[in-house]
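Asks: Fold the stuff below for me.
(one chain, ligands or ions: 2)
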Amino acid sequence: MKTAIATVTIAGDLKEKLEAISAAGFDGVEIFENDFLAFDASPRDVGRMVRDNGLEISLFQPFRDFEGMPEPQRTRAFERAQRKFDLMNELGTDLVLICSNVSPLALGGIDRAADDLAALGDVARAHGVRIGYEALAWGRFINDHRDAWEIVRRADHPQVGLILDTFHSLSRKVPNESIRSIPGDKIFFVQLADAPLIDMDLLYWSRHFRNMPGEGDLDVTGFMRAIAATGYDGVLSLEIFNDQFRGGSPRTIAEDGHRSLVNLMDQVRRTEPDIRIAVPDMPPPVEVEGIAFVEFAANAREAQELGGLLSTLGFRRTRRHVSKSVDLWQQGDIRIVINTDPKGFAHASYLTHGTNVCDIGLKVSDARATVERARALGAAPFTQPVGPGELEIPAIRALGGGVLHFLEEGGPLAQVWDSEFEPVDSEGAVANAGLTRIDHLAETMPYEDMLSWLLFNTSLFATSKTPMVDVVDPAGLVRSRAIENASGSFRVTLNGAENARTFAGRFLEESFGSTVQHLAFETGDMFATVAALTRNGFRPLVISPNYYDDLDARFGLDEVFLERLKTFGILYDRDERGGEYFQLYSPTYGEGFFFEIVERRNGYGGYGAANAQFRIAAQKRHLRHHAVPKS
Ligand SMILES: O=C(O)c1ccc(O)c(O)c1
Ligand SMILES: [Mg+2]
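Replies: Ligands and ions are numbered 1, 2, ... in the order given. Modelled structure (predicted):
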């Protein structure tokens, strides 16, 4: 499998781009002409720089407005092409992309275009280069790969082939199956891009909103399956015009790109037998059965405070690590670990972020296979020294600097609680609040990083993404979407903060980029839970009474029921199919961390997006009233 990426995809000058592309593991690069023109080095030196980075120039592009021109523009176009072929010889690349004509001068006519390409093919042969013809979705006459293929077929020249670009075809809903009748050896190059489904002008959509395969909504996999079925065995290249990528970290964007291609081709390989493209073998997307534990890094004083909050939520401290300062708190199937050990990863995480979730344990059926897939997708395995009698639990570095551990239900790794921890007598009597499991983890990140997180999770785990919702914070927007598996046993929400004045943005800023901002616990009976919490001295977040008036107006609720919601500060939502959702929030803790308790009835599948705005306003009020003066 040969991978490439267009220089337009990432930020930086040509040198920075090439270094990032090389480090991410690509084989080649598409040189976008403007990146070359803006760079101050001769074509030969640029060619050498590419090869010194261990890359090849897979494509030079674009050559515009060539086919079907009247004179004198036609002659000029051939002269221009000659100059570019000379340049390609100096750069050391043999393939140029010609995109379909958008000029108002263009004459159209399929045979005229074919004749022009055939004539240019002769010129190309003399230079030892090949021409790939691509239909732009907004091409004047040619805007469909089926027509571009007809032109290439009629040109009938060995130097002339087709370039397919997922965006142009999928944005116009050209059926993928139309690719299966094209001979693989006439497809000279394949460009890949995904995009979110937005109804807008094709050119603007293409130049600003493309993203990596798997990050958007287009059927890139179906398209690539059809290409692979033709016997195509050439370069797979990302050509992504994206405003955020242009301003993002070159390394991260390049790594995401490589991950997206590996994941895409893994999907293709699993559904399309006998393809010629050699796709690396790796374990399938990982089914997550649930969350085995969530570990906080803390210091002794903050650990006490956190433990106090957990107690009011009905948790008990049940075990302590045999040799480390690490406590286990439990309720139902939920395990919370509080690590105050002065050594190791948790401590380093504490020093960076303050008290925060530093480690998440996921229940999977094969922990080693999970790490193997993660590695194939470019994630880094995580290890730290294992003490005597300790188990080595497979783990990786997650995005944002945290760690993900993988445990197997019933397997030897699940014995860790018995073998490394010993029971403690939990002091004080708290009432169990009926919390059963972790419903979801909510992760906060800068808005620009959301796609990276989305791809990281959806490529490693068998999950799908929900549509993006806008959550209005009084200080700005927070974009939110969830990643979840089919059974609902694994749910993560991603919250992209636009600025540091939002509740989510402030959390990021104050915690130096910590990740998990809240944990949502599940209860089977919200009102019984609330009764137990009250006995434990739990004080929920205070919600505005105006919210309850509106709730009544929207749903026409029973008076007693509404009063109960209001008394306890429970938020409520209902879906079209009669599903119901109850949410209760803890006050904020530390830099804006909090706990949520939820009950889902009748298969409610969402996350209470309609309530988020009111919850955030309440949390900001809470923060203002409980602000700790800065010393
Ligand atoms: O937006 C463009 O002009 C453009 C140019 C070359 C391409 O390969 C492409 O897909 C788009
Ligand atoms: Mg293209």
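Asks: Any regions of the chain where pLDDT drops low?
Replies: Within the chain, the stretches with pLDDT under 70 are 427, 627-631.
Asks: what's the domain layout of it?
Replies: Here the domain assignment for the chain is 2-271, 288-423, 436-625, based on automatic domain parsing.
Asks: next one: the longest one to chain centre, how far?
Replies: If I follow you right, that is domain 2-271. Centroid separation between domain 2-271 and its chain, computed with CA atoms, centre = their mean, to the nearest Å, is 24 Å.
Asks: Residue of the stretch 251-400 of the chain closest to ligand 2, please.
Replies: Of all residues in the stretch 251-400 of the chain, the one sitting closest to ligand 2 is Gly257 (14.9 Å; CB to the ion). For the C-beta atoms, the positions are set from N, CA and C on the backbone; glycine is no exception.
Asks: So what's the residue count around that residue?
Replies: By the criterion of other CB atoms under 10 Å, Gly257 has 31 neighbours.
Asks: I'd assumed Ala6 was in contact with it.
Replies: No - judged on CB atoms under 8 Å, Gly257 makes no contact with Ala6 at a distance of 9.7 Å.
Asks: Now the common contact residues for the two.
Replies: Leu238, Ile240 (CB atoms under 8 Å, 6 or more residues apart in numbering).
Asks: Show me the beta-bridge partners of Gly476.
Replies: The partner list for Gly476 in beta bridges (DSSP bridges) reads Asp473.
Asks: now swap in the one 4 residues further on and tell me
Replies: Beta-bridge pairing for Ser480 (DSSP bridges): Val469, Asn495.
Asks: count of neighbours near it?
Replies: Count around Ser480 with other CB under 10 Å applied: 21.
Asks: coming back round to it: closest to ligand 1 out of the domains of the chain?
Replies: Minimum separation from ligand 1 across the domains of the chain (CB to the nearest ligand atom) falls at domain 2-271, 3.9 Å.
Asks: Which residues does whichever strand or helix holds Leu519 contact?
Replies: If you go by DSSP states H and E, Leu519 is part of strand 516-523. Contact with strand 516-523 is made by 294, 313, 331, 334, 356-357, 360, 402, 433-444, 495, 504, 507, 529, 592-600, as judged by CB under 8 Å, 6+ apart.
Asks: List buried members of these by neighbour count.
Replies: Buried subset of these (neighbour count, 16 or more other CB atoms under 10 Å): 294, 313, 331, 334, 356-357, 360, 402, 433-435, 438-444, 495, 504, 507, 529, 592-600.
Asks: Is it correct that Gly344 is in contact with Phe382?
Replies: No - assessed by CB under 8 Å, Gly344 is found out of contact with Phe382, at 11.6 Å.
Asks: more neighbours, these two?
Replies: Using other CB under 10 Å, the more surrounded residue of Gly344 and Phe382 is Phe382, with 19 against 16.
Asks: Which of the buried ones among the contacts of strand 516-523 fall within helices?
Replies: The helices, defined by DSSP state H, take in Ala504, Phe507, Thr529 from the buried ones among the contacts of strand 516-523.
Asks: Please identify which of those is nearest to Leu95.
Replies: Ala504 (45.2 Å; CB to CB).
Asks: mind checking how far the closest one is from Ala475?
Replies: Distance of Ala504 to Ala475, computed by CB to CB, to the nearest Å: 10 Å.
Asks: With Phe293 instead?
Replies: As judged by CB to CB, Phe293 and Ala475 stand 34 Å apart.
Asks: who has more neighbours, the two?
Replies: Each of Phe293 and Ala475 has its neighbours counted (other CB under 10 Å); Phe293 has more, 21 against 18.
Asks: Tell me where the longest strand sits in the chain.
Replies: strand 435-446 (DSSP state E).
Asks: okay, the domains of the chain in TSV with distance to ligand 1 next?
Replies: Output for the domains of the chain, formatted as TSV (distance: least, CB to the nearest ligand atom, whole Å):
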stretch	distance to ligand 1
domain 2-271	4
domain 288-423	25
domain 436-625	19
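Asks: all helices of the stretch 51-200 of the chain, in order?
Replies: 73-91, 110-127, 145-155, 166-171 (DSSP state H, counting those that start in this stretch).
Asks: would you list those helices in TSV and tack on mean neighbour count?
Replies: Shown next, in TSV, are the helices of the stretch 51-200 of the chain (neighbours: other CB atoms under 10 Å):
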stretch	mean neighbour count
helix 73-91	16
helix 110-127	18
helix 145-155	21
helix 166-171	24
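Asks: Could you dump those into JSON lines and include distance to Ala229?
Replies: Formatted as JSON lines, the helices of the stretch 51-200 of the chain follow (distance: least, CB to CB, whole Å):
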{"stretch": "helix 73-91", "distance to Ala229": "31"}
{"stretch": "helix 110-127", "distance to Ala229": "26"}
{"stretch": "helix 145-155", "distance to Ala229": "15"}
{"stretch": "helix 166-171", "distance to Ala229": "15"}
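Asks: wait, which of the ones you listed is closest to Phe245?
Replies: helix 166-171 (14.2 Å).
Asks: Identify the residue nearest the geometric centre of the chain.
Replies: Leu454 (2.0 Å; CA atoms, centre = their mean).
Asks: Tell me the secondary structure of the spatially closest residue to Arg621 that is not a sequence neighbour, please.
Replies: Nearest residue to Arg621, sequence neighbours excluded (CB to CB, 6 or more residues apart in numbering): Val542, at 7.5 Å. Here Val542 is recorded as coil under DSSP: H, G, I helix; E, B strand; the rest coil.
Asks: For Val542, give me phi and psi.
Replies: phi -90, psi 120 (degrees, to the nearest 10).
Asks: What distance do you get for it to Phe39?
Replies: With distances taken as CB to CB, Val542 is found 58 Å from Phe39.
Asks: same check, this time on Phe189
Replies: Phe189 is 23 Å from Phe39, by CB to CB.
Asks: neighbour count winner among the two?
Replies: Comparing Phe189 with Phe39 by other CB under 10 Å, the one with more neighbours is Phe189, at 26 against 17.
Asks: is it true that the more buried one touches Arg130?
Replies: No - judged on CB under 8 Å, Phe189 makes no contact with Arg130 at a distance of 9.2 Å.
Asks: Can you work out which residues contact both of those two?
Replies: By CB under 8 Å, 6+ apart, Phe189 and Arg130 have these common neighbours: Leu95, Gly161.
Asks: partners of whichever residue of the stretch 51-200 of the chain sits closest to ligand 2 in the sheet?
Replies: Closest residue of the stretch 51-200 of the chain to ligand 2, CB to the ion: Asp165 (3.5 Å). Counting by DSSP bridges, Asp165 is bridged to Gln191.
Asks: List the contacts of Asp327.
Replies: Neighbour list for Asp327: Ala303, Gly307, Arg317, Arg319, Arg320, His321, Val337, Ile338, Thr340, Val424 [criterion: CB under 8 Å, 6+ apart].
Asks: thinking Asp575 is in contact with Ala609, fair?
Replies: No - using CB under 8 Å, Asp575 is not in contact with Ala609, being 10.9 Å away.
Asks: who has more neighbours, the two?
Replies: Shown here are Asp575 and Ala609; by other CB under 10 Å, Ala609 has more neighbours (16 against 13).
Asks: Kind regards, and thank you for your time.
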